[in-house]
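In: Structure of the sequence below:
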Amino acid sequence: MKTTLLKVAAVCLWSLSAAACFAAVPSSLPIRGIHLSAPSSADVTLAVRFIRDALPREGVNVLVLEFDYRYQFTKHPEVTDPDPLSRDDVKKLVAAAKDAGVRVIPQINCLGHQSWAKNTMALLRTHPEFDETVGQHAGNEGIYCRSYCPLHPAVHDLLFDLIDELADVCESDAFHVGMDEVFILGDDACPRCKGQNRADLFAREVRTLHDHLARSNRTMWMWGDRFLNGDVSGLGQWEASLNNTQAAIHAVPKDIVISDWHYERAEPTAALFATEGFNVISSPWRKANVALGQLDLIRTVRANANDTIAAHMQGVLQTTWCDLGAFVKAYYGEDTSNQEALEAANCFKTLFSAIRNSGLK
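Out: Residues are numbered from 1 along each chain as shown. Below is the predicted model:
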């Protein structure tokens, strides 16, 4: 009988302790974000309208704007892609976000995604010496996207200038460095990286970018796919790594915000990042059922895990992967010709409606 009573008492104490832990985690989602391409110069007014009108109505509090090299940089004006935004353009977007209570986080894709199809983007187009595979793959044939060499002695001085200038004009306390889908790394064509351990190379670049941002008290955000093992998880080479970068997860700072993207299924990897000590956000694209599945996973962990893990499940970042103008017009029903934009807009509306209705806002 004494043993039974002790067990009952222990269960009661555990229940009270667990309830206290769960109560310590607020029911709201700290991050309710959307990721958009920076608008064309012609669509700045449209973007301002969307930021001021739609984002607060939907409950968005974070806007990640992917500029890459579409900004009129002053320190390195040569590193500019077509139709760049001016400082005045960006200030209009920032002012609209302030009015809407939305935090702006700019993005430049770092390491990978330095080309798309036949187009090599401004960094490697104007500074081909930074290319990991310099002189290789004419016309970008036979590759997905080019990468810059993370060991080139001059690449970071230039890149840091770009990051700082863009972060300053956006008045941002954080910066998204991309780093997804890095397939070219430690390539045999690179005299500096050849034969190097890819996880070490990736982790070193993450730390280099993180430490630079930390010096200006900015938080680093990045995509999380290269930290996942694509083989043992069954996630494959896109949503995870098949080129052995996954071990880098254990060699990078934990105060990085991980954008955990999955577009076909609600994979439970956000919880993995949370248990590793990272703040993590789930990122859907155009399938509303996947977005709702991700939200269910977030809700489950925040309601049932201990307070440390639960608090790391920070929220969502809806992606769009189309021209901002096309997405906004699809959102408002002003253009129904772009199917991917329509699907992304529907996913966004469905997800944020569910957040509001669930009390997680």
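In: quick one: the closest residue to residue 151 other than its chain neighbours from residue 320, how far?
Out: Computed as CB to CB, 6 or more residues apart in numbering, the closest residue to residue 151 that is not its neighbour in sequence is residue 192, at 4.0 Å. (C-beta placed from N, C-alpha, C; glycine too.) Separation of residue 192 from residue 320 (CB to CB, to the nearest Å): 36 Å.
In: These two: which is more packed in?
Out: Comparing residue 192 with residue 320 by other CB atoms under 10 Å, the one with more neighbours is residue 320, at 25 against 13.
In: Can you read off the pLDDT for that one?
Out: You'll see residue 320 listed with a pLDDT of 98.
In: any low-confidence regions in the protein?
Out: Within the chain, the ranges that satisfy pLDDT under 70 run 1-27, 360-361.
In: For it, which segments count as helices?
Out: Secondary structure of the chain (DSSP state H): helices at 2-24, 44-58, 87-100, 122-126, 155-169, 198-215, 236-239, 269-275, 288-304, 307-312, 324-332, 339-358.
In: Dump those to TSV, plus distance to residue 146 and mean neighbour count.
Out: Below are those laid out as TSV (distance: least, CB to CB, whole Å; neighbours: other CB atoms under 10 Å):
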stretch	distance to residue 146	mean neighbour count
helix 2-24	46	10
helix 44-58	28	18
helix 87-100	26	18
helix 122-126	6	21
helix 155-169	13	19
helix 198-215	15	19
helix 236-239	17	16
helix 269-275	27	22
helix 288-304	29	19
helix 307-312	33	18
helix 324-332	24	21
helix 339-358	24	19
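In: Those helices: which one's closest to residue 115?
Out: Residue 115 sits nearest to helix 122-126 of all the helices of the chain, at 6.9 Å, using CB to CB.
In: Could you check how far that closest one is from the centre of its chain?
Out: 23 Å (CA atoms, centre = their mean, to the nearest Å).
In: Kindly report the same for stretch 272-284.
Out: Here stretch 272-284 is found 11 Å from its chain centre; the criterion is CA atoms, centre = their mean.
In: quick one on the thing from earlier: wouldn't the residue nearest to residue 151 be in contact with residue 155 here?
Out: No - applying CB atoms under 8 Å, one finds residue 192 not in contact with residue 155, separated by 10.5 Å.
In: Find residues that contact each of these two.
Out: Overlap of the contact sets of residue 192 and residue 155 (by CB atoms under 8 Å, 6 or more residues apart in numbering) consists of residue 149.
In: quick one, which of the helices of the chain is nearest to residue 37?
Out: Of these, nearest to residue 37 by CB to CB is helix 324-332, at 5.1 Å.
In: Can you tell me which helices and strands the closest one packs against?
Out: Judged by 3 or more CB pairs under 8 Å, 6 or more residues apart in numbering; DSSP states H and E, the packing partners of helix 324-332 are strand 31-37, helix 44-58, helix 339-358.
In: ok, now how distant is residue 245 from residue 197?
Out: Counting by CB to CB, the gap from residue 245 to residue 197 is 9 Å.
In: about what we covered before: with distance to residue 102 as new columns, can the helices and strands packed on helix 324-332 be given to me in JSON lines?
Out: Listed next are the helices and strands packed on helix 324-332 as JSON lines, based on distance: least, CB to CB, whole Å:
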{"stretch": "strand 31-37", "distance to residue 102": "9"}
{"stretch": "helix 44-58", "distance to residue 102": "5"}
{"stretch": "helix 339-358", "distance to residue 102": "13"}
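In: which residues pair with residue 281 across the strands?
Out: Here residue 281 sits in beta bridges with residue 259, residue 315, as judged by DSSP bridges.
In: That one contacts residue 33, correct?
Out: Yes - contact criterion CB under 8 Å: residue 281 and residue 33 qualify, at 6.8 Å.
In: Out of the two, name the residue with the larger neighbour count.
Out: residue 281 (28 against 25).
In: contacting residues for residue 202?
Out: Residue 202 neighbours (CB under 8 Å, 6+ apart): 111, 179, 182, 185, 226, 245, 248.
In: I'd assumed residue 66 was in contact with residue 81.
Out: No - with contact defined as CB under 8 Å, residue 81 does not count as touching residue 66 (11.9 Å).
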